[in-house]
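Participant: I'll drop the sequence and a predicted model, then ask my questions.
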There are 2 protein chains.
Amino acid sequence: MSGYAPSEAARRSGFSLDTLRYYEKIGLLADVERTTGGQRVFTDDDLGWLVLFRCLRDTGMPIAQMRRYAQLARDGEHTTDERHELLCHHAARVEEQMRLLQRQYDHLREKIRFYERLPGTTPGSEPD
Amino acid sequence: MSGYAPSEAARRSGFSLDTLRYYEKIGLLADVERTTGGQRVFTDDDLGWLVLFRCLRDTGMPIAQMRRYAQLARDGEHTTDERHELLCHHAARVEEQMRLLQRQYDHLREKIRFYERLPGTTPGSEPD
DNA sequence: CTCCAACCTGGAGCGCGCTCCAGGTCAAGC
DNA sequence: GCTTGACCTGGAGCGCGCTCCAGGTTGGAG
């Protein structure tokens, strides 16, 4: 129930093998277990981190910041305030991102309606 | 009321001068007018295109696709269907993007609540 | 024991979207 | 006319986040 081969970890997390190795190399995932032969064994804990990384990545957090977060978590309990703050700041940026996306989506829809109001005749070249 | 110096076009569009030149170089903005001396003069029409490019860019459309759209528009009235379709496809991707962003934002908020439910004591290392 | 697919490493390469640079030109104000 | 800051060009460089490669090792199935 815990101890996944690299390919299985990749499948479950949705990251490629190369990306998993890359994440370990740059210190996002630290101390991934190994077999005696040196092959990686991912734990449920690792998988949990990967889920979090996906969340942060998909919301546009730069890798440097994820690294910082992961490092803080490794540093222990006394960093919870800082981690909390980091996530809150990020959440605020995400909210802004969502507002912008919504606004531009609305523009896009308006532009699309422009094409749908076209009955065949329109002077003027383009935008609007 | 039309005919903007490069710096003014940059200010109004929010793109850098370098980006404006880049957009022209790769054929997004075509045939920007020039003074006799060779300096660019942006029209209201150009500005309109830039607004559209910003919308498409902010919603994640790759430049290659914007180029395609711009080329279609230059090709004339008979491409309106294709342009419409292109924008619709894009809009669908944006909707998916918004759903994903919302979902991951929800995860993020949940994670943040985890920190806020912390009264000071918590066993286990991290995520969740 | 043999095979072969999955894995390992270090390091190079890539695709995107700009951004910066050198070295020169233009044009508005004094 | 001179100065000076905005502008021009072609091309190199960059930051990000992977992705690919060569050349070698591991380990489970048959």
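Facilitator: Thanks, I have it.
Participant: CA only for contacts and neighbour counts going forward, please
Facilitator: Fine.
Participant: Quick one: the helices in chain A, in order.
Facilitator: A:6-13, A:17-25, A:44-58, A:63-75, A:80-117 (DSSP state H).
Participant: What are the buried residues along the last one?
Facilitator: Okay, so that is helix A:80-117. A:80, A:83-84, A:86-88, A:90-91, A:94-95, A:97-98, A:101-102, A:104-105, A:107-108, A:111-112, A:115 (16 or more other Cα atoms under 10 Å in any protein chain shown).
Participant: ok, now the second one?
Facilitator: For helix A:17-25, burial by neighbour count (16+ other Cα under 10 Å) applies to A:20-21, A:23.
Participant: Quick one: these as JSON lines, columns for pLDDT and distance to DNA strand D too.
Facilitator: Below are these laid out as JSON lines (pLDDT from 0 to 100; distance: Cα to the nearest atom of the strand, whole Å):
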{"residue": "A:Leu20", "pLDDT": "98", "distance to DNA strand D": "8"}
{"residue": "A:Arg21", "pLDDT": "98", "distance to DNA strand D": "7"}
{"residue": "A:Tyr23", "pLDDT": "98", "distance to DNA strand D": "7"}
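Participant: Format the residues you listed as JSON lines; extra columns: distance to chain B.
Facilitator: Below are those laid out as JSON lines (distance: Cα to the nearest Cα, whole Å):
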{"residue": "A:Leu20", "distance to chain B": "17"}
{"residue": "A:Arg21", "distance to chain B": "20"}
{"residue": "A:Tyr23", "distance to chain B": "16"}
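Participant: Export those as CSV, with columns for distance to B:Arg54.
Facilitator: Formatted as CSV, the buried residues of helix A:17-25 follow (distance: Cα to Cα, whole Å):
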residue, distance to B:Arg54
A:Leu20, 34
A:Arg21, 36
A:Tyr23, 32
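Participant: Pull up the residues of chain A that are close to chain B.
Facilitator: A:45, A:48-49, A:52, A:55-56, A:58-59, A:73-74, A:76, A:80, A:84, A:87-88, A:91, A:94, A:98, A:100-102, A:104-105, A:107-109, A:112, A:115-116, A:125-128 (Cα under 8 Å from any Cα of the partner chain).
Participant: about what we covered before: closest one of the buried residues of helix A:17-25 to A:Gln65?
Facilitator: Checking the buried residues of helix A:17-25 against A:Gln65 by Cα to Cα gives A:Tyr23 as the nearest, at 12.9 Å.
Participant: Relative to B:Arg117, how far out is the nearest residue to the closest one once chain neighbours are set aside?
Facilitator: Leaving aside its chain neighbours, A:Tyr23 sits nearest to A:Leu29 (5.8 Å; criterion: Cα to Cα, 6 or more residues apart in numbering or on different chains). Using Cα to Cα, to the nearest Å, A:Leu29 is found at 26 Å from B:Arg117.
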